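1. One predicted model, sequence on top.
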Amino acid sequence: MVLDDFQSRAAQARAGYPAGATIPGLFAGQVARDPDATALVFGAGSVSYGELDRRSNALAWRLRRRGVGTDMPVGVAIGRGADLVTALLAVLKAGGAYLPIDIGSPPPRVAAMITAAGARLVLVTAETAATMPQLAGVDLVRADTVPAATEPAVAAGERAAPPDLSHPLSLAYISFTSGSTGAPKGVAIPHRAVVRLVSDPTFASLGPGERLLHLAPVAFDASTLEIWGALLTGATVVIAPPGPLGLPDVASLLRTAGVTVAWLTAGLFHQLAETDIGAIAAVPVVLAGGDVLNPDTVRAVLAARSGQPLVNGYGPTENTTFTACHVMTGPGQVGATVPIVYRRGRAGPRLRRERRGDGAGVRARPVRPRHAPVPDRGPGALARRRDPRIRRPRRRSDQDPRVPGRTRRSRRGPPLASGGQRCLRGRRAIRCR
């Protein structure tokens, strides 16, 4: 992986982003701008911004009456669809933080997540209620029984959104890592981190007229970009059918649903490239990541895309989906490996900028132990400076300390290569070329 020196990019940082905004506030701005614009598309159905606003307001008031307030975690165990997006938005409007739950996860994992986060409410539908573990002190709330905001059952005063209790540093959601390196760890993400991610990004054009595919499980932080990258910018979320999809289903969505921005896992990207490269070529902006991309596959896809951008996205959960994105438009930009960014002095597209609340520039750089600089072709680790947006989930006093509840701050890293040094500080292993 190839890295740019963060200091040179910091000097070129643009003039900040709306660091004082919240997710409900930005969504309300899009509703006011064009309430009839299409917010969600799912199969043959659709929901406008105005209707999504009214539906989420009704559920938000219901949650507020159940005691949901600032930073209170609320589980959301709903499959992909309009009900899921409505529930996420309603939790945030009520002032809470959503805990996304993959309905296919084993019950012990779901129970551990709910316990670690301290959630007292879990939003479900008729289909998912039966899959939830029974936990003392945790109530299941049906999100699919909320009356439409225009029906008499909804009080006139509840057709508008509740007073916004959120702050830019209030929790927006709690995401648990996969646990591939040990026990799953809870990462608490505030509103500001989501706003930073979707505000005028360098890796894609987001805004009215764009259509973002929502394919990732809601518990996977790629869904943060898929959902809020659309709803906070005036774009449309194209929701894939619930449940697992086969390659032909995904290819059909990419070809026929009018998707303009799609995020694919590295595994799915490679499989589609082998079986139906034309489906990838049909989408104006494709992002891939989550694992190392095969350079031969990337070159083949870029050749088929005829200059349309392909983005290699990298970022741990703690950095809210992306830390760095490398934009490629032609096969000649790919060498022996597919970089995440370019090193100083070598031509290439811009690094996805990590910014602090003051709008400062890049906050990622390669380091060796004790943060020494990394020489060309040397091993190192990716250190990240970030907003004060990494927060631990609240934990109950009776929680087993081994239950996930902490984000990674430092650990002893694995050997980087033969003769390479071990990196401290728990950063990702990289090599500068």
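-> All right, it came through fine.

2. Please count neighbours and contacts with C-alpha atoms only from this point.
-> Will do.

3. Quick check: which element contains the most centrally placed residue in the chain?
-> Compute the mean C-alpha point of the chain, and by Cα atoms, centre = their mean the closest residue is residue 224, 2.8 Å away. Following DSSP states H and E, one finds residue 224 within helix 222-231.

4. List the contacts of that helix.
-> Surrounding helix 222-231, the residues in contact under the criterion Cα atoms under 8 Å, 6 or more residues apart in numbering are 27, 30, 39, 85, 194, 197-198, 206-207, 210-218, 235-237, 262-263, 320-321.

5. ok, and what's touching stretch 38-58?
-> By Cα under 8 Å, 6+ apart, the list of residues contacting stretch 38-58 reads 28, 30-31, 34-37, 81-82, 86-87, 89-90, 93, 146-149, 154, 158-162, 230-231, 234-241.

6. same thing but at 6 Å, please
-> Outside stretch 38-58, the residues that touch it by Cα atoms under 6 Å, 6 or more residues apart in numbering are 31, 35-37, 86, 90, 148-149, 161, 236-239.

7. Could you do stretch 242-253 as well?
-> Contacting residues not belonging to stretch 242-253 are listed as 79, 80, 279 [Cα under 6 Å, 6+ apart].

8. Recalculate using a threshold of 7 Å.
-> Identification of contacts with stretch 242-253 by Cα atoms under 7 Å, 6 or more residues apart in numbering yields 79, 80, 81, 272, 279.

9. In strands, which of these appear?
-> Counted as lying in strands by DSSP state E, out of those, is not a single one.

10. which among those residues end up buried?
-> Among those, those scoring as buried are 79, 80, 81, 272, 279 (criterion: 16 or more other Cα atoms under 10 Å).

11. Tell me the spacing between the residue nearest to residue 270 when sequence neighbours are not counted and residue 271.
-> Closest residue in space to residue 270, ignoring its immediate chain neighbours: residue 297 at 6.8 Å, by Cα to Cα, 6 or more residues apart in numbering. Taking Cα to Cα, to the nearest Å as the measure, residue 297 falls 10 Å from residue 271.

12. Have a look at these two and say which one is more surrounded.
-> Per other Cα atoms under 10 Å, whichever of residue 297 and residue 271 has more neighbours is residue 297, with 17 against 14.

13. per-residue pLDDT, the more buried one?
-> Model confidence at residue 297, given as pLDDT, is 96.

14. what's the answer for residue 338, then?
-> In the prediction, the pLDDT value recorded for residue 338 is 87.

15. That one is in contact with residue 296, isn't it?
-> No - counting by Cα atoms under 7 Å, residue 338 sits too far from residue 296 to count as a contact (9.4 Å).

16. That'll do, ta.
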